[in-house]
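Okay, sequence plus prediction incoming.
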Amino acid sequence: MREYSIKRGYHPDVAELLDEYFGASGDVEEGVEFTADGIGTIFLRRDGKSLYIETTPQPDMQGGVDVIRKWNDFLEEATGRNAKERKKKLTDKAKDK
């Protein structure tokens, strides 16, 4: 499970973003599990200023550039950080352990 921190001062409506990007609904504070084409099964939970996301790819999954772009766009809108900033945060967190 990966932890993505939400940018300070940024207050996204993650439930609305889930519906917009993946057509999924539920209480993000308790956790939402859904299936996304090209990605697999996703479990997402928000806890304060962090998103915890676990993905389980399907064995026969086919994904392309559009799937990756859609996932990155969702993460950027959900966290307020682009891919480069998210990678830096994850790398810094791994170094601290």
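Yep, that arrived. All values reported here derive from a predicted model rather than from experimental measurement. Numbering: from 1, shown residues only.

From Gln62, how far off is the spatially most central residue of the chain?
Centroid-nearest residue in the chain: Leu75, 4.8 Å away (criterion: Cα atoms, centre = their mean). Relative to Gln62, Leu75 is positioned 21 Å away (criterion: Cβ to Cβ, to the nearest Å). Yep, even glycine has a C-beta here, placed from its N, CA and C like the rest.

gap between the residue nearest to the centre of the chain and Pro59?
In terms of Cβ to Cβ, Leu75 sits 24 Å off from Pro59.

Is the nearest residue to Ile42 once chain neighbours are set aside in a helix, a strand, or coil?
Take Ile42 and drop its neighbours on the chain: the residue closest to it by Cβ to Cβ, 6 or more residues apart in numbering is Thr55, 5.3 Å away. Recorded secondary structure, Thr55: strand (DSSP: H, G, I helix; E, B strand; the rest coil).

per-residue confidence at the residue nearest to the centre of the chain?
Per-residue confidence (pLDDT) for Leu75: 97.

likewise Gly63?
For Gly63, pLDDT reads 69.

State the helix or strand in which Ile42 lies.
strand 40-47 (DSSP states H and E).

Which strands border that strand, and is each parallel or antiparallel?
strand 32-36 (antiparallel), strand 50-56 (antiparallel) (DSSP bridges).

rewinding a little: quick one: residues contacting the residue nearest to the centre of the chain.
4, 81, 83, 86 (Cβ atoms under 8 Å, 6 or more residues apart in numbering).

any idea which helix or strand of this protein has the worst average confidence?
Lowest on mean pLDDT, DSSP states H and E among the helices and strands of the chain sits helix 83-96, with a mean of 90.

where's Asp19 relative to Lys84, distance?
Counting by Cβ to Cβ, the gap from Asp19 to Lys84 is 27 Å.

Same drill for the two, tell me which one is more crowded.
The neighbour comparison of Asp19 against Lys84 (other Cβ atoms under 10 Å) goes to Asp19, with 13 against 8.

Let me see the backbone angles for the closest residue to the more buried one other than its chain neighbours.
Using Cβ to Cβ, 6+ apart and skipping residues adjacent in sequence, the residue nearest Asp19 is Ser25, 5.6 Å away. Dihedral pair for Ser25: phi -140, psi 160, per degrees, to the nearest 10.
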